[in-house]
Every structure is written in structure tokens, then in C-alpha cells.
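Undergrad: prediction below, plus the sequence it came from.
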Amino acid sequence: MSKPKVLVVGAGGIGMIGAYTLHYNKRCEVSVIVRSDYELARKRGINIDSVAYGKVDNWKPANLAANTTEAMEAFGPFDYIYLATKNIPDGSNKCEDVIRPAVTPGLTTILMVQNGIDIENAMFEAFPANIVLSGVTLSGAQNLHLEVKHVGPEVCTIGFFKHPTIDEKILEAKAKEFIELYSNDLNTITYEPDVRSSRWRKLVYNASINPITALAGLDYSRVELCDGRATVLRPAMDEVVKVALADGYIIPDSHVQAMLEVSSGLFYTPSMLMDVRNNNLTELEIILGNCVKIARRHEVATPVLDTLYALMKMKQFDIKEKNGIIKVDTTINKDYSTYGKGF
């Protein structure tokens, strides 16, 4: 019996550790998309320094490709796509468009190992005949030009997004099938029967700490030193908890406190701050924008989140302009006849 074929799309730290985990387990055939560093990956391989797997030099997965079209032609069709790209629906490369060439209708299961909430809707619209799974992972991993640093053992919950036409028993079986492929003694992978719950819990961190550090331009510990925990972090988290409650999910105060403590004293740079510093688009809409939209739907007041969202939209606008995604007509109106009146 042939092994299932898994295509990993998104070669950041999480994606690379995911790919290596699947390779390490030897239960499937692993193909990996490496775009900007493809030639380096093909010639030298990938260096991994992992708290779980140790030092691995010059690792190459079974198959490498520069894009999903090439991967499909050479190594497909795929039973699973492990999708670990950033999810930026207001950017130029939407996730569903990136993976579209590699998706076989009715066959390929899409595992979204991504941040945010309500992220499945675009996938269902693009691929109505396919199963879409949720993966919520905590695993400190970064990849800089195929030098992968993995500092925290992976803890991941996997479950299914409810499908309008596919029976939930089939969806559950598919989620548990992937867990069998992915689990080992070096990670903690559990089945999540209600994936929206785990996404709300992670959003407590992501919808508060990520935009606040990005806007301040400070790592988490420096925000704490400026009394940011009491003045903005906790109020933002409390609003996420209120929205989650209106959506039907109770988040205990102990979890909020844990999210406040998880990066304390580490001078940790959250992903949104890193993106802003590198002039990369942020996951603004799926993390903060969707949370605010859910709040409006349930008529929950969120003044702190609303302000963070408005300011981050301006920051995102600036990044788009710097990257040439949008262009602004800066022609100045020369009529100064009303300038200064009213002061």
C-alpha cells in the first residue's frame, strides 16, 4: 500500500518543522514548496537546530518544488496539503490561489496551520468538494534562509471545520488520520472536537499582543516595562474574551493570565512586530479584523480592539505603499486660499 502524499506549503519555521516531523515519522511521502531559497534547498539542503530533533544538517525532503504547479506536475496528486503560509486576504497572494494548482477536488484534504478565526470560509468557497482541517500550533520556530531554529516542543490541536455537505464522522476520521501521520514521542498532538474554541483561545494572544507590539515598535518585555500590560494588553484581551463569550465560548481568566505571562521577560518579538520591522504585510484581517467583525455581529462594544484595528490598517496601508501594492496620487492642491482660517 502506497504512503499518503503530503505537500507542505509555507516554508517558514512552523512549516519546516512540520515537514521534518512528517519526514521523521516515515508514514507519508513529503513534498515541500521552497520559493525564494529553492536553489539553496536543492543543492545544500536545510539545516535544523531543534529542541526536539536535535541538529540536522543538509536535510532534504523526499521532494522539493519551487511552486505548487511544479509540485503537482512532478509529485501529485496530494492527499493532504499542510498549509503554513501567512494568511493575508488583503494582500496580493491569497492562500487559496497559492494552493489551487495542487488541490484535487474531492481528494486533497487541506490542513490550515494558520492564525486567526473565520479563516475557513474562503477555502470552502474556493474548494467546495474538499475537507478543510484546522491546526492550532504553539512551537517556537523560525527559518532564516534555510537555517531553522526550533526552541519550543510543538503542542498542536487538530480538528475539522464543519463542512456544509460532508458528514462530521468523515471529517473527524480525516482529522484523526492526519494526527496519526504527524504524532510522535517528541510532540504533543491532540484532537480538537471544536476547533473554534482553540482558535478563540489563541486569539486572546494574537489579537492583543501582536498589534500592540507592532504599533509600539517594541518587543513584549519592553511593552511591559512601559506598563503596557495594565494599560493596553489586559484591556484588549478582556475585549477578546467578551467577543468570544458572545460567540458561545467561555475563556477562563486563568488562560488570559497565562497569555500575559507566556512571553514575560523573554524580550520576545511577536510575528506582527517582525513583519512591520521588515516591511512585510501582517495578518491583520484574519486576526484582528475578523474579531472586530464578529463583535459587530453580536453587538459587543470593543473600543480598544477598534482602535488597534484602525491604527493597524494605517500601518498596513503604509507597508502596501512601500511595497508598491498600492500607489497614492500625491499631487498637491495649490489653492491655499482657505489655509489657516478658523484658528
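TA: On my side now, so go ahead. Just so you know, these numbers come straight off a predicted model, no measurement behind them. Numbers count the residues shown, from 1 in each chain.

Undergrad: got a list of what residue 57 touches?
TA: Contacts for residue 57 (CB atoms under 8 Å, 6 or more residues apart in numbering) come out as 45, 47-48. (Glycine included, C-beta is placed from N, CA and C.)

Undergrad: repeat for residue 265
TA: Counting by CB under 8 Å, 6+ apart, residue 265 touches residue 221.

Undergrad: on the three-state scheme, it is what?
TA: Counting by DSSP: H, G, I helix; E, B strand; the rest coil, the backbone at residue 265 sits in coil.

Undergrad: look up phi and psi at it.
TA: phi 80, psi 0 (degrees, to the nearest 10).

Undergrad: most neighbours among the contacts of residue 57, which one is it?
TA: residue 48 (25 neighbours; other CB atoms under 10 Å).

Undergrad: for that residue, helix, strand, or coil?
TA: Applying three-state DSSP: residue 48 is strand.

Undergrad: mind listing the residues bridging to it?
TA: With DSSP bridges applied, residue 48 shows beta-bridge pairing to residue 56, residue 148.

Undergrad: that one contacts residue 59, correct?
TA: Yes - assessed by CB atoms under 8 Å, residue 48 is found in contact with residue 59 at 6.1 Å.

Undergrad: please enumerate the shared neighbours of those two.
TA: residue 20.

Undergrad: residues making contact with stretch 248-257?
TA: 196-197, 200-201, 204, 234, 237-238, 240-241, 244-245.

Undergrad: can you rerun that using 7 Å?
TA: Outside of stretch 248-257, the residues within contact range by CB atoms under 7 Å, 6 or more residues apart in numbering are 196-197, 200-201, 204, 237, 241, 244.

Undergrad: any chance of these in TSV, plus distance to residue 66, secondary structure and neighbour count?
TA: Output for these, formatted as TSV (distance: CB to CB, whole Å; DSSP: H, G, I helix; E, B strand; the rest coil; neighbours: other CB atoms under 10 Å):
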residue	distance to residue 66	secondary structure	neighbour count
196	35	helix	19
197	37	helix	18
200	36	helix	25
201	36	helix	20
204	37	helix	22
237	41	helix	26
241	43	helix	20
244	40	helix	25
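
Undergrad: buried residues in the helix or strand of the chain at the bottom of the mean pLDDT ranking, which are they?
TA: Within the chain, no helix or strand scores below strand 141-144, which has a mean of 86 by mean pLDDT, DSSP states H and E. Residues of strand 141-144 classed as buried under the neighbour-count rule (16 or more other CB atoms under 10 Å) are 141-143.

Undergrad: now swap in stretch 152-160 and tell me
TA: 154, 156-160.

Undergrad: which stretches of this structure have low pLDDT?
TA: 1, 333-343 (pLDDT under 70).

Undergrad: can you pull the domain assignment for it?
TA: 5-193, 199-322 (automatic domain parsing).

Undergrad: quick one, which of these gets closest to residue 329.
TA: domain 199-322 (11.6 Å; CB to CB).

Undergrad: quick one, strands of the chain?
TA: 5-9, 29-33, 46-50, 54-59, 63-65, 80-83, 109-112, 132-138, 141-144, 147-150, 155-160, 188-191 (DSSP state E).

Undergrad: of those strands, which is nearest residue 215?
TA: So among these, strand 141-144 is nearest, using CB to CB, at 22.0 Å.

Undergrad: which other helices and strands contact that closest one?
TA: The elements that strand 141-144 packs onto, with contact taken as 3 or more CB pairs under 7 Å, 6 or more residues apart in numbering; DSSP states H and E, are helix 13-25, strand 147-150.

Undergrad: tell me which of these is the most buried.
TA: helix 13-25 (a mean of 24; mean count of other CB atoms under 10 Å).

Undergrad: other SSEs contacting it?
TA: Against helix 13-25 (3+ CB pairs under 7 Å, 6+ apart) you get strand 5-9, strand 29-33, strand 46-50, strand 141-144, strand 147-150, helix 168-182.

Undergrad: so which of the ones you listed gets nearest residue 280?
TA: strand 141-144 (13.5 Å).

Undergrad: sheet partners, orientation included, of the closest one?
TA: According to DSSP bridges, strand 141-144 has these partners: strand 147-150 (antiparallel).

Undergrad: what's the end-to-end length of stretch 72-89?
TA: 24 Å (CA to CA, to the nearest Å).

Undergrad: kindly report the same for stretch 257-276.
TA: 26 Å.

Undergrad: next one: it to chain centre, how far?
TA: What separates the centre of stretch 257-276 from the centre of its chain is 15 Å, taken as CA atoms, centre = their mean, to the nearest Å.

Undergrad: and what of stretch 318-336?
TA: That offset, for stretch 318-336, works out to 30 Å (CA atoms, centre = their mean).

Undergrad: what residues sit buried inside that stretch?
TA: 319-320.

Undergrad: now do stretch 206-218
TA: In stretch 206-218, counting by 16+ other CB under 10 Å, buried: 206-215, 218.
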